[in-house]
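Undergrad: Generate coordinates for the sequence data below:
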Amino acid sequence: MARRWTINGRFLCQPTTGVQRYAREVALALDMLVAEGVPLARGLELDLCCPPGASDLPLSHIERREVGRAGGHIWEQVQLPLSVDGGLLSFCNTGPLACRKQIVCIHDANVWNAPQSYSLAFRSFYKALLPCLSRTAWGVSTVSNYSLSELVGRGVVPARRAFVAPNGHEHVKRWTPGHSEATRPAASRKTIVMIGSAAPHKNVHLVLEMAGRLAENGFRIAVVGIPDSRIFRSAPTKAEARNIHWLGRVSDGELAALLRDSLCLAFPSLTEGFGLPALEAMAIGCPVVVSDRACLPEVCEDAALFAPPDDPEAWFDRFMQLAASEPLRLRMTAKGKARASAYSWRTTAMRYLQAMSIADGIDVEATIVRAREPHAMS
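TA: Prediction:
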């Protein structure tokens, strides 16, 4: 009898941030494992169910279905459950409460850890939905041990039904570096790249407010993802410094070229569930200077330079160290690439296959052992 699971495809109607990137890459990795016929995918029928008008995803062995007429939370809570015949995988924090045989990925506890970064309506909705979803779903995944400890510690997720399924790095290998007219003049061996948003927990103002001092020492700042300096009206002079390049949204290829040709990525977040931009930079070969808080020491280990997110002097010192020492830069580049390779979308997709098999009542260890026996290979 076939096992049936559906991927919640609502993410294909959303702008691509780290959460949507996670969903896309895990779905692509699952598609590859199904195509290869790995033991835990045998007898598994996996499809992708999405709202009308969803963007494309190049899948070869996972069927895509568009259902319903609505979008957003209404589609997810009302129309999606009617189209699920089996289990459901929801990779982007939310999922339908009506689906009990569901594995949902809750990426972080940021609405609790950094409430100032979200509207009252958004954080109220998430604080109500996520604990309910965690209690009704069969299992809950998250992206780091730090995130797991936060979610469990705050009573959002029951520890007995939770597991870690982190981000991967392989998608960076598909990026073809190429500068645009905007990124080319921004990149240099003394350019500090920042990726993210103006949300307070991203803490980008820490670096922006030292723009003048950085300029005196020949540094540039390239800001990706934040459209322009008007967001930082509280510090207009510093935010509009001539050594700041406001690049807004850039393509993956442009980002790859920018990181490849710059001094480092600066990631001064106060809290993160995983910190995918740091992993992407390391995979490309760009040194990273990151906050010493939350998940970042776990994710980066000794492959990053660390600084407290409330100590501008420490950040300035790390930038100066990197700019002054080519051996240090080369050492951090090599360590970063090695550390990034430890995180794999394929491994994470295998973790989901294991969880799905357990939910289906399959003895995972016995299945893997049988697949390794000589007669199973013939």
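Undergrad: So, low pLDDT: which residues of this protein?
TA: 1, 227-240, 366-378 (pLDDT under 70).
Undergrad: gap between residue 225 and residue 194?
TA: According to C-beta to C-beta, to the nearest Å, residue 225 stands 8 Å off from residue 194. (C-beta placed from N, C-alpha, C; glycine too.)
Undergrad: Between these two, point out the one with more neighbours.
TA: residue 194 (23 against 18; other C-beta atoms under 10 Å).
Undergrad: Quick one: name whatever helix or strand follows the helix or strand hosting the more buried one.
TA: Residue 194 is part of strand 191-195 when elements are defined by DSSP states H and E. With elements assigned by DSSP H and E, the helix or strand that comes after strand 191-195 is helix 205-208.
Undergrad: and that next one, what does it pack onto?
TA: Helix 205-208 sits against strand 220-224, helix 312-324, with contacts defined as 3 or more C-beta pairs under 8 Å, 6 or more residues apart in numbering; DSSP states H and E.
Undergrad: Residue 281 is nearest to which of the ones you listed?
TA: Nearest to residue 281 among the helices and strands packed on helix 205-208 is strand 220-224; the distance by C-beta to C-beta comes to 11.0 Å.
Undergrad: Could you tell me the angle between that closest one and strand 191-195?
TA: Between strand 220-224 and strand 191-195, the angle comes out at 20 degrees (axes from the mean of the first three to the mean of the last three C-alpha atoms, to 10 degrees).
Undergrad: buried residues in strand 220-224?
TA: If you call a residue buried by 16 or more other C-beta atoms under 10 Å, then strand 220-224 has these buried ones: 220, 221, 222, 223, 224.
Undergrad: Burial check on residue 82, number of neighbours?
TA: 11.
Undergrad: need the helices for the stretch 201-350 of the chain, in chain order.
TA: 205-208, 211-216, 236-239, 252-260, 276-284, 296-300, 312-324, 326-340, 345-359 (DSSP state H, counting those that start in this stretch).
Undergrad: And the contacts of the last one?
TA: When you say that, I think you mean helix 345-359. Contacts to helix 345-359, defined as C-beta atoms under 8 Å, 6 or more residues apart in numbering, come from residues 3, 5, 25-26, 28-30, 32-33, 38, 40-41, 44, 87, 89, 101, 103, 138-139, 141, 163, 165-171, 364, 367.
Undergrad: next one: the fourth one
TA: Contacts with helix 252-260, where a contact means C-beta under 8 Å, 6+ apart, come from 172, 174-180, 182-184, 186-187, 191, 193, 195, 222, 224, 247, 250, 265, 280-281, 284-286.
Undergrad: Buried among those? Make that a ChimeraX selection.
TA: Buried residues among those (16+ other C-beta under 10 Å), as a ChimeraX selection:
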select :172,175,177,179,183,186,187,191,193,195,222,224,247,250,265,280,281,284,285,286
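Undergrad: Distance from stretch 79-99 to the middle of the chain?
TA: How far stretch 79-99 lies from its chain's middle: 21 Å, per C-alpha atoms, centre = their mean, to the nearest Å.
Undergrad: Stretch 73-89 now?
TA: 23 Å.
Undergrad: Just the C-alphas of that stretch, formatted as PDB.
TA: Written as PDB, here are the backbone C-alpha positions of stretch 73-89 (Å, rounded to 0.1, in the frame of the first residue of the first chain):
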ATOM      1  CA  HIS A  73      -3.900  31.800   5.500                       C
ATOM      2  CA  ILE A  74      -7.400  31.200   4.200                       C
ATOM      3  CA  TRP A  75      -6.100  28.800   1.600                       C
ATOM      4  CA  GLU A  76      -3.800  27.200   4.100                       C
ATOM      5  CA  GLN A  77      -6.300  26.700   6.900                       C
ATOM      6  CA  VAL A  78      -9.400  25.900   4.800                       C
ATOM      7  CA  GLN A  79      -8.700  24.700   1.300                       C
ATOM      8  CA  LEU A  80      -5.400  22.900   1.700                       C
ATOM      9  CA  PRO A  81      -6.600  20.400   4.300                       C
ATOM     10  CA  LEU A  82      -9.400  19.300   1.900                       C
ATOM     11  CA  SER A  83      -6.700  18.300  -0.600                       C
ATOM     12  CA  VAL A  84      -4.500  16.300   1.600                       C
ATOM     13  CA  ASP A  85      -4.900  12.500   1.500                       C
ATOM     14  CA  GLY A  86      -2.200  11.300   4.000                       C
ATOM     15  CA  GLY A  87       0.500  13.300   5.700                       C
ATOM     16  CA  LEU A  88       1.500  16.900   5.200                       C
ATOM     17  CA  LEU A  89       4.900  18.700   5.300                       C
END
